[in-house]
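*Asks:* The sequence and its predicted three-dimensional model are supplied below.
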Number of protein chains: 2
Amino acid sequence: MGENRSSYTSLAKTLTWQDGFLTLLDQTLLPGEVVSERQESIGQVWDSIKKLKVRGAPAIGIAGAYGVLYGIKDKTDLPVAEFLDQLKKSAAYLDSSRPTAVNLSWALHRMVALAEMMVSEKQSVDSVIIYKLLEEEAVKIHEEDKIICRNIGLNGKGLVKEGMGVLTHCNAGSLATSELGTATAPIYLAHEDGVEFRVFADETRPLLQGARLTSWELQQSGVDVTLITDNMAAFMMSKREIDLAIVGCDRVAANGDTANKIGTMGVAILAKYFNIPVYVACPSSTIDFNTDTGDDIVIEERDPEEVTFFGERRTGPEGIKVRNPAFDVTPYELIAGFITEKGIIRAPFRENLIKTFT
Amino acid sequence: MGENRSSYTSLAKTLTWQDGFLTLLDQTLLPGEVVSERQESIGQVWDSIKKLKVRGAPAIGIAGAYGVLYGIKDKTDLPVAEFLDQLKKSAAYLDSSRPTAVNLSWALHRMVALAEMMVSEKQSVDSVIIYKLLEEEAVKIHEEDKIICRNIGLNGKGLVKEGMGVLTHCNAGSLATSELGTATAPIYLAHEDGVEFRVFADETRPLLQGARLTSWELQQSGVDVTLITDNMAAFMMSKREIDLAIVGCDRVAANGDTANKIGTMGVAILAKYFNIPVYVACPSSTIDFNTDTGDDIVIEERDPEEVTFFGERRTGPEGIKVRNPAFDVTPYELIAGFITEKGIIRAPFRENLIKTFT
């Protein structure tokens, strides 16, 4: 680090686990208010995930892992079989809060699988011990995410070169993960190395994660960031102000097709037109080898009022028809590479993803 | 018209002139409230243009032509020379309300030029007669715009076919003109003919003309319209829900490069990727043969707060850097044709625009 500059370490923590309680930074209040909220029940965690107080695939996975503990923490007097049942019920309940995020299912499945393994392998195990080990597992999921983000940052930071303009979409940032983010990890580490570059953050309608979250966290961390509306990206590219795009991902199919926040495919098509490379920052947990191509990914459609309202202010007319797909699928051929914790994966993606991760 | 359906004729009129008074639909209150406001003074007209109560290049021109009459209507007892002075002063005053709007200057210039011609050519003319003829000229400007829009509609409606999905961006609609609009004219006339099709309206950040105005006027007219955020257009195209895009234009260069509301170029690039034709609805007054290519078009950057605020609600963090270009320039090679009052102009545009309009 060549000079004293503010960095991602000064950011409010997205999630913390302390004394058996999960505390979440309420992202629905950003950037106006920085409020952290201790979760008191599994219902509250479900609600926090549903209402996007915590969002971003990795962060949701971590919240799910901690959240499921709320469903069992006062049930440790139950016999092991019933305790396991309670765990499964809690996991299924939390899993229903966001259907598209693969990390949530993944984390919940990992928690349940661990408990099942313990029950089947150890005669003497009791519910108290299982709870204890599940809590350790959730902490481990949390810690692993920090390491994954750091490795994505280390593997990707070389892409961010002096003088570049870097576009990002939505928030695959520190706020979407434990720390450092995925798409932002190369940005934070290049910044820490003293590289001078500019970031453009798409505001990302309808929920404005780019305006509210990405531009906030980059600004807080001292990164040179400029906010634009989604429909200005093409203009910035045409003026050669953007040299590189880094986005996150919600699910990557076996062939490299990538589901991410609505608008990502548009960014990738525009970038292709202007010969700008698009990299997907991709923790390996997001790769779903059971999904063959993007055609198999079901796209969640969300509440129409996200489009017709802005806070309490109505923007579209009463009764107007609305579409509100939350994600789109970027075809693999528009992607220059996947920045993963194991390095940058380049085409042919199907072969190279399998080779690296299975 | 195959069935009884509501149409653009049921819309509240953008501008009306009756008994010497101009009435404007206050577009700043749409879509929440439909309020028409009779203008009582030239100062009020200036203010209505300034505050975007009336907006859209053709509509502003018409409002200016009527508006200037307020400056002279109780001065008809003045001698002709003083009356002409008063007219010029009124025109200069109104012209200052939106300095970049070409149609406003054009309409005011036309009014002043007519009066000057009359004074210089006729000895016997008096101020009362001049006022009368200026009023007729303003009505003529208004009527001419209706005819131009109608002819654009007639020339373009064949593009809108049964079962199609049609994308439009911003508002080049009835609310931007006397009636029918430019980009919406083919839509309204195809609808009137009983063609069944769907329209997708991009909300058009930052000022949301698509959400507030286009989706409102199409909905009011019984057209099947769906509101989407700008970054959903690629998704809709990828799902083959969009077969055609029709947009307006602010200025067309001699080679066909087209300046229009920010985001238009993005729509055109996406459409190209998905092989969807993009037509520009273009009154010939918008073609600027003095501008050789889009590179010569200066892009206005507007107030950053349009991007960081929504009404009174802040969306971007305090102190964030913002870019806010109001327009972009779509390269001519992305345009399938210009729908003009004289027919659809196809490539090569430079030759065919000159052939048709000079």
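*Replies:* Noted; the coordinates are in hand.
*Asks:* Kindly indicate whether the residue lying closest to A:Glu82 once chain neighbours are set aside is helix, strand or coil.
*Replies:* Nearest non-adjacent residue to A:Glu82, counting by Cβ to Cβ, 6 or more residues apart in numbering or on different chains: A:Lys75, 7.8 Å away. Where C-beta positions appear, they are placed from N, C-alpha and C, glycine not excepted. At A:Lys75 the chain is in coil, as set by DSSP: H, G, I helix; E, B strand; the rest coil.
*Asks:* And the pLDDT at A:Lys75?
*Replies:* If you check A:Lys75, the pLDDT there is 97.
*Asks:* Around it, how many other residues sit close by?
*Replies:* 15 (other Cβ atoms under 10 Å in any protein chain shown).
*Asks:* just checking, it touches A:Leu84?
*Replies:* No - using Cβ atoms under 8 Å, A:Lys75 makes no contact with A:Leu84, being 10.2 Å away.
*Asks:* check contacts around whichever residue of the stretch 1-150 of chain A sits closest to chain B.
*Replies:* In the stretch 1-150 of chain A, the residue that lies nearest chain B is A:Pro31 (3.8 Å; Cβ to the nearest Cβ). Counting by Cβ atoms under 8 Å, 6 or more residues apart in numbering or on different chains, A:Pro31 touches A:Arg212, A:Leu213, A:Ser215, A:Trp216, B:Arg314, B:Gly316, B:Pro317, B:Glu318.
*Asks:* ok, it to A:Lys122 distance?
*Replies:* Distance, A:Pro31 to A:Lys122, using Cβ to Cβ, to the nearest Å: 48 Å.
*Asks:* In the stretch 251-358 of chain A, what residue spans correspond to strands?
*Replies:* Using DSSP state E, counting those that start in this stretch, the strands of the stretch 251-358 of chain A run over A:251-253, A:258-261, A:278-281, A:287-288, A:309-310, A:313-314, A:321-322, A:327-330, A:337-340, A:343-345.
*Asks:* A:Asp288 bridge partners, please.
*Replies:* Counting by DSSP bridges, A:Asp288 is bridged to A:Ala253.
*Asks:* count of residues packed around it?
*Replies:* 18.
*Asks:* OK, contacts around it?
*Replies:* A:Val102, A:Arg251, A:Val252, A:Ala253, A:Ala254.
*Asks:* okay, the last one: pLDDT?
*Replies:* For A:Ala254, the model assigns a pLDDT of 98.
*Asks:* pretty sure it is touching A:Asp292, no?
*Replies:* Yes - contact criterion Cβ under 8 Å: A:Ala254 and A:Asp292 qualify, at 5.3 Å.
*Asks:* Mind checking which of those two has more residues around it?
*Replies:* A side-by-side neighbour count of A:Ala254 and A:Asp292, using other Cβ under 10 Å, places A:Ala254 first with 19 against 13.
*Asks:* give me the number of residues near the residue in the stretch 101-250 of chain A positioned nearest to chain B?
*Replies:* As assessed by Cβ to the nearest Cβ, chain B sits closest to A:Asn231 within the stretch 101-250 of chain A, at 2.9 Å. Neighbours of A:Asn231 under the rule other Cβ under 10 Å: 31.
*Asks:* any chance of the strands of the stretch 251-358 of chain A in TSV, with distance to A:Thr14 too?
*Replies:* Listed next are the strands of the stretch 251-358 of chain A as TSV, based on distance: least, Cβ to Cβ, whole Å:
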stretch	distance to A:Thr14
strand A:251-253	21
strand A:258-261	17
strand A:278-281	16
strand A:287-288	22
strand A:309-310	25
strand A:313-314	28
strand A:321-322	30
strand A:327-330	21
strand A:337-340	20
strand A:343-345	25
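*Asks:* I'd like to know which of those strands is closest to A:Val54.
*Replies:* A:Val54 lies closest, by Cβ to Cβ, to one member of these: strand A:258-261, at 15.7 Å.
*Asks:* Just say helix, strand or coil for A:Asp145.
*Replies:* Criterion first, three-state DSSP; result for A:Asp145: helix.
*Asks:* returning to what we had before: which strand or helix spans the residue of the stretch 1-150 of chain A closest to chain B?
*Replies:* Using DSSP states H and E, A:Pro31 maps to neither a helix nor a strand.
*Asks:* Quick one: residues contacting A:Arg314.
*Replies:* A:Thr308, B:Pro31, B:Gly32.
*Asks:* Equivalent analysis for A:Gly210, please.
*Replies:* For A:Gly210, the contacting residues are A:Thr168, A:His169, A:Cys170, A:Asn171, A:Ala201, A:Asp202, A:Glu203, A:Thr204, A:Leu227, A:Asp230, by Cβ under 8 Å, 6+ apart.
*Asks:* Swap in 6 Å and give it another go.
*Replies:* A:Cys170, A:Ala201, A:Asp202, A:Glu203, A:Thr204 (Cβ atoms under 6 Å, 6 or more residues apart in numbering or on different chains).
*Asks:* how about those residues in CSV, adding secondary structure?
*Replies:* CSV is the format used below for the contacts of A:Gly210 (three-state DSSP):
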residue, secondary structure
A:Cys170, coil
A:Ala201, strand
A:Asp202, strand
A:Glu203, coil
A:Thr204, coil
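*Asks:* okay, now whichever residue of the stretch 251-358 of chain A sits closest to chain B: neighbour count?
*Replies:* Using Cβ to the nearest Cβ, the single residue of the stretch 251-358 of chain A nearest to chain B is A:Gly263, 3.0 Å away. When neighbours are counted by other Cβ under 10 Å, A:Gly263 registers 28.
*Asks:* what's the answer for A:Val199, then?
*Replies:* A:Val199: 26 neighbours (other Cβ under 10 Å).
*Asks:* I'd guess it is in a strand, am I close?
*Replies:* Yes - using three-state DSSP, the assignment for A:Val199 is a strand.
*Asks:* just the contacts of A:Arg314 now: which is nearest A:Ile339?
*Replies:* Checking those one by one against A:Ile339 (Cβ to Cβ), the nearest turns out to be A:Thr308, at 36.0 Å.
*Asks:* Could you find the closest non-adjacent residue to the closest one?
*Replies:* With sequence-adjacent residues excluded and distances taken as Cβ to Cβ, 6+ apart, A:Thr308 is closest to A:Gly316, at 3.6 Å.
*Asks:* For that neighbour, grab the count of nearby residues.
*Replies:* A:Gly316 has 25 nearby residues by other Cβ under 10 Å.
*Asks:* Now that it has come up, it's in contact with B:Ile228, right?
*Replies:* No - A:Gly316 is beyond contact range of B:Ile228, at 10.1 Å (criterion: Cβ atoms under 6 Å).
*Asks:* buried stuff in stretch A:88-107?
*Replies:* In terms of neighbour count (16 or more other Cβ atoms under 10 Å in any protein chain shown), stretch A:88-107 has its buried residues at A:88, A:90-91, A:93-95, A:97-98, A:100-107.
*Asks:* which residues touch A:Leu189?
*Replies:* Counting by Cβ under 6 Å, 6+ apart, A:Leu189 has contacts A:Gly153, A:Lys157.
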